[in-house]
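Colleague: Would you be able to build a 3D model of this:
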Amino acid sequence: MDGVSSTDDGPAPRAVFRVSPLVVLVALAFAFCATPFAFGAPYLWLIYLLPLGMIVWTLRVRTVADPEAVTVRSLVSGRRVPWSEISSLRLGNRTRVSAVLTDGAELPLPAVHVRHLPQLSAASGGRLPDPAGE
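Modeller: As a prediction, this is how the structure comes out:
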């Protein structure tokens, strides 16, 4: 289901938006294909750091929306923002979505795309209007 999962915890569900786990398969295929190159010269084995980084990034990066807040996890940090601090959403290029905070700062929402806005609206418990709703 494209890296999105939700569970019912009452009236407002919790939604988790993740990068597709198929990226792990691509990283493993890259590591396999890089094996002859990696042992061709000294220190070329460091090429394995690239697929390892891809796997760690895929497993770490996500956006979790629940009735109280939005939690954003990046590669090295995480941030939890209550819905009261989010004034609106900004639709960026390539269907990316960012949360505009009350202080004017933007918080990118990893793995959230325009097609996920109805799920994000449902998880907000009505704090964000559903763009597909009437």
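Colleague: For the chain, give me the ranges with low pLDDT.
Modeller: Where the chain drops to pLDDT under 70, the residues are 1-12, 132-134.
Colleague: Show me this structure divided up by domain.
Modeller: Split into domains by automatic domain parsing, the chain comes to 1-17+65-134, 20-60.
Colleague: Could you list the buried residues of the helix or strand hosting residue 98?
Modeller: Using DSSP states H and E, residue 98 maps to strand 96-101. Of all the residues in strand 96-101, those buried under the rule 16 or more other CB atoms under 10 Å are 97-99. Quick note: C-beta positions are derived from backbone N, CA and C, even for glycine.
Colleague: Assumed residue 41 was part of a helix.
Modeller: No. Counting by DSSP: H, G, I helix; E, B strand; the rest coil, residue 41 is located in no helix; its state is coil.
Colleague: Partner strands of the lengthiest strand in the chain and their direction?
Modeller: Criterion DSSP state E: the longest strand present in the chain is strand 106-113. Here strand 106-113 has these sheet partners by DSSP bridges: strand 96-101 (antiparallel).
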